[in-house]
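Asks: Output the structure for:
(chains A and B)
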Amino acid sequence: IAGITQAPTSQILAAGRRMTLRCTQDMRHNAMYWYRQDLGLGLRLIHYSNTAGTTGKGEVPDGYSVSRANTDDFPLTLASAVPSQTSVYFCASSDASGGTDTQYFGPGTRLTVL
Amino acid sequence: QKEVEQDPGPLSVPEGAIVSLNCTYSNSAFQYFMWYRQYSRKGPELLMYTYSSGNKEDGRFTAQVDKSSKYISLFIRDSQPSDSATYLCAMSVDQGGKLIFGQGTELSVKP
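Replies: Okay, here's the model as predicted:
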């Protein structure tokens, strides 16, 4: 089934540890995004990539890094996790070459930093 | 002040009711308006997409955009328990541009 997969589904992490959240899409979309969702704050954009080899900062990029080595994969890395990074993380992709520019979301990763 | 404001609810209605969900925004440059539906412990999925002002209808769902008032609405007719979810508005300046989301409204439709 075409779509976006994220791993892990959930994770409990000690503060100070490094963590990479994985995201893979098989729709050949050129644009990919990482959001975090927190109660009362909605979805906030962390980083995005308009095409393989390029990335950009969103609304809340501090403490996170991304890479886009190919079209399908867009990993998000927390270099040294802090408790304020406890959240649900969603990866999304879109075919931003025209049309309705629908963003398709993955199932999310629930991350708890203790 | 957030660029997009949405009442988080929760909103509880009986089955068959008409539901009205709303968002206000401050950036007059927004041109593309969307409503996403998010079931519990799932990712959001696009429900409605509207460009500029006007109405768009899809089955029991109607999206309205009033750019003069910087106000968008989603109406659900004959609401069903399966409509119970969080509804997020989103908007962007350019097609393909970054989306700004509202906080989401949690809706519960009781049988």
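Asks: Number of residues surrounding residue B:66?
Replies: If you count neighbours by other C-beta atoms under 10 Å in any protein chain shown, residue B:66 ends up with 13. C-betas here are computed from N, CA, C, even on glycine.
Asks: The nearest residue to it once chain neighbours are set aside and residue B:41: what is the separation?
Replies: Nearest in space to residue B:66, with sequence neighbours left out and distances taken as C-beta to C-beta, 6 or more residues apart in numbering or on different chains, is residue B:53 at 6.3 Å. As for residue B:53, its distance to residue B:41 is 35 Å (criterion: C-beta to C-beta, to the nearest Å).
Asks: who's more crowded, the two?
Replies: Neighbour comparison, residue B:53 and residue B:41: the larger count goes to residue B:53, with 14 against 11 (by other C-beta under 10 Å).
Asks: For the chain, give me the ranges with low pLDDT.
Replies: If you meant another chain, say so; for now it's chain A. A:1-2, A:96-101 (pLDDT under 70).
Asks: my question was about chain B
Replies: Residues of chain B that meet the criterion pLDDT under 70 lie in B:96.
Asks: who touches the closest residue to residue A:23 other than its chain neighbours in this structure?
Replies: Spatially, and ignoring its direct neighbours in sequence, residue A:23 is nearest to residue A:91 (3.5 Å; C-beta to C-beta, 6+ apart). Residue A:91 sits next to A:4, A:6, A:21, A:23, A:25, A:32-35, A:74, A:76, A:105-106 when contact means C-beta atoms under 8 Å, 6 or more residues apart in numbering or on different chains.
Asks: Point out the ones among those residues that are inside strands.
Replies: Using DSSP state E, the members of the contacts of residue A:91 that fall within strands are A:4, A:6, A:21, A:23, A:25, A:32-35, A:76, A:105.
Asks: Let's see the distance spanning stretch A:38-45 from one end to the other.
Replies: 12 Å (C-alpha to C-alpha, to the nearest Å).
Asks: in it, what's buried?
Replies: Under the neighbour-count criterion of 16 or more other C-beta atoms under 10 Å in any protein chain shown, stretch A:38-45 has A:42-45 buried.
Asks: quick revisit: the residue nearest to residue B:66 is in contact with residue B:67, isn't it?
Replies: Yes. Using C-beta atoms under 8 Å, residue B:53 is in contact with residue B:67, at 4.6 Å.
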